[in-house]
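Peer 1: model the following, please.
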Amino acid sequence: MTLPIASVQLYSLADEFSADMAGSLDKLAGIGLKNVEAFDFVRRPAELREAFDASGLASPTGHAPLLSDELWTPDGSIPTPAPEVVFEAASQIGMKTVIDPFVPVDRWLTEDGVKDIAERLNSVADLAQTYGLTVGYHNHSQEFLASFDGKTAFELFVSLLDPRVVIELDLFWALTGGQDVPALVESLGERLVAVHVKDGVAPASNPFAPDAPAFGSASLDQRHAGTADVPLAESLKAASNVQYAVIEYDCQSLSTR
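Peer 2: Below you'll find the predicted structure:
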């Protein structure tokens, strides 16, 4: 297998990035990275494109909500723009794939909810194609709470997707969802084009379960990739088409952990 290209999800250094965009990007370029994965890019595409170009970096993938009225994060919600606005901004930055990073828990707990998510993503794939873009989905662990006829909600979702829609699998969150991560990677086949190589100590129970106590990103025990519970090497070996290995820390602490 050809090794995937390294990238960094910029949410991992959100505080530093907000304080010093150019300096943060220059540091990433200085350690040899060529790619980043943008977040919160829709409101500032020109500014980001200028900064990426100045640092010699590209953002072939980016996170933006396509399937919800609000984007949830452990640290607050962000209102979502229309898909046309998202795709125009992505095109301006030079992206290839726009990935929805989160659909709320309740929509994954019923079969109709899962079908609706897949139908919406299939629909925006048509619009994205007119901008020369593809769309995808990035998981957390709520997608593995419910099962229908022996399939997890995530498996059902994937089975309903248009062939053009891709997956970015967060390995840490898949493990947290109780999955055999290398087996899941293998089952996704050519559709899996990116992974988040996040690592850490998996919580004892799924923190997205409806009866789970509230949690925030600071409560996650995340570690450097390859040093904790996630079977990183085995997962990458199981992949057949992963193009990007994206480093991410949900706790926004790339510089300190």
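Peer 1: could you pull out the helices for this structure?
Peer 2: With DSSP state H, the ranges of helices along the chain come out as 14-19, 21-30, 45-55, 83-93, 111-130, 153-159, 171-176, 181-188, 232-238.
Peer 1: who's in contact with the fourth one?
Peer 2: Residues from elsewhere that reach helix 83-93 (Cβ atoms under 8 Å, 6 or more residues apart in numbering): 38, 41-43, 45-46, 48-49, 52, 59, 62, 64-66, 98, 124, 127-128, 130-133. Glycine gets a C-beta too; all of them are placed from N, C-alpha and C.
Peer 1: filter those residues to the buried ones?
Peer 2: Neighbour counting by 16 or more other Cβ atoms under 10 Å classes 38, 41-42, 45, 48-49, 52, 59, 62, 64-66, 98, 124, 127-128, 131, 133 among these as buried.
Peer 1: so which of the helices of the chain is nearest V246?
Peer 2: Closest to V246 of these is helix 171-176 (Cβ to Cβ; 10.3 Å).
Peer 1: and the closest one, what other elements does it pack with?
Peer 2: If you count contacts as 3 or more Cβ pairs under 8 Å, 6 or more residues apart in numbering; DSSP states H and E, helix 171-176 packs onto helix 181-188, strand 192-196, strand 199-200.
Peer 1: report the mean confidence score over that helix.
Peer 2: Throughout helix 171-176, pLDDT has a mean value of 98.
Peer 1: list the buried residues of that helix.
Peer 2: Under 16+ other Cβ under 10 Å, the buried positions of helix 171-176 are 171-176.
Peer 1: before we move on, what about stretch 154-168?
Peer 2: Neighbour-count burial for stretch 154-168, with 16+ other Cβ under 10 Å as criterion, is recorded at 154-158, 160-161, 165-168.
Peer 1: same check on stretch 16-25?
Peer 2: For stretch 16-25, by 16+ other Cβ under 10 Å, it's 16-17, 21, 24-25.
Peer 1: closest to D229 among the residues you listed?
Peer 2: Taking the buried residues of stretch 16-25 together and measuring to D229 by Cβ to Cβ, the closest member is E16, at 26.6 Å.
Peer 1: on the pLDDT front, check V185 for me.
Peer 2: 98.
Peer 1: check contacts around it.
Peer 2: Going by Cβ under 8 Å, 6+ apart, V185 touches 169, 171, 192, 195, 235-236, 238-239, 242.
Peer 1: ranking helices and strands of this protein by mean pLDDT, which lands last?
Peer 2: Across the helices and strands of the chain, mean confidence by mean pLDDT, DSSP states H and E is lowest for strand 70-73: a mean of 66.
Peer 1: how much space separates L10 from F144?
Peer 2: 26 Å (Cβ to Cβ, to the nearest Å).
Peer 1: please report how far the most far-flung residue of the chain relative to its centre lies from R120.
Peer 2: What lies farthest from the middle of the chain is D149; by Cα atoms, centre = their mean that is 26.9 Å. Separation of D149 from R120 (Cβ to Cβ) stands at 22 Å.
Peer 1: one more: G94?
Peer 2: Distance from G94 to R120, by Cβ to Cβ: 25 Å.
Peer 1: which sections of the stretch 151-257 of the chain are below the confidence cut-off?
Peer 2: Applying pLDDT under 70 to the stretch 151-257 of the chain flags the ranges 251-257.
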